[in-house]
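> Here is my input; please provide its structure:
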Amino acid sequence: MGYERIDSRNRQLVNSFLKEHWYTTTMVIRGEEIDMTQTEGFYLAEKEKVLGLITYMVYEDILEITSLNSLRENQGVGSKLMELVVQEAKERRLRKIVLITTNDNINAIRFYQKRGFDMARLFRNALEASRRLKPEIPLLGENDIPLRHEIEFELLL
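Okay, the predicted model is just below:
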């Protein structure tokens, strides 16, 4: 069991995990479709079963996290994946890390703030546009909170 970088040898395993947990390999962020089969990232697997995954894209001097999943909550998997991404961004001499989460995702909001990320922008009613591209996005999110807004977090390096 160990943390691995996504590459051509394990891409199919990662894509299968994305389909299982996100129902598709397309993510909608800020009203744009992202092909998750092309993202970089790291994962933790045990016996060919993915237990945690973080994906990202790099553009200009920014690393943008596109997904983070941990099937072992409160055991350090998400934290270790985040550490690997922060280290990667520093090694590439990038200026900041950004990510988007939704207003209902209270656990993610807490997780990112505890790791030094700050709320940078609120995209009000962004999920209306996202649902036009990806209609399977539900109206209600975690804890039956209406799923409406995207919140951008950033970590300056």
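> From the rest of the structure, what touches the lowest-mean-pLDDT helix or strand in the chain?
Among the secondary structure pieces of the chain, namely its helices and strands, strand 26-29 has the lowest mean (mean pLDDT, DSSP states H and E), a mean of 84. Strand 26-29 is contacted by residues 33-36, 64, 66-67, 100, 130, 133-134, 137, 150 when judged by CB atoms under 8 Å, 6 or more residues apart in numbering. For the C-beta atoms, the positions are set from N, CA and C on the backbone; glycine is no exception.
> mean confidence for the helix or strand hosting residue 58?
Element membership for residue 58, per DSSP states H and E: strand 49-59. Along strand 49-59, the predicted local confidence has a mean pLDDT of 94.
> Can you give me the buried ones in that strand?
For strand 49-59, the neighbour count (16 or more other CB atoms under 10 Å) marks 50, 51, 52, 53, 54, 55, 56, 57 as buried.
> give me every residue that touches residue 39.
Under the contact definition (CB under 8 Å, 6+ apart), the residues listed for residue 39 are 6, 55, 56, 57, 66, 67.
> Show me where this protein has its helices.
11-22, 77-91, 106-114, 126-133 (DSSP state H).
> Just name whatever secondary elements the second one is in contact with.
Yep, that's helix 77-91 we're talking about. The criterion is 3 or more CB pairs under 8 Å, 6 or more residues apart in numbering; DSSP states H and E, and the helices and strands that helix 77-91 contacts are strand 2-5, strand 40-46, strand 49-59, strand 62-70, strand 96-102.
> 6 Å instead?
Secondary-structure packing of helix 77-91 (3 or more CB pairs under 6 Å, 6 or more residues apart in numbering; DSSP states H and E): strand 40-46, strand 49-59, strand 62-70.
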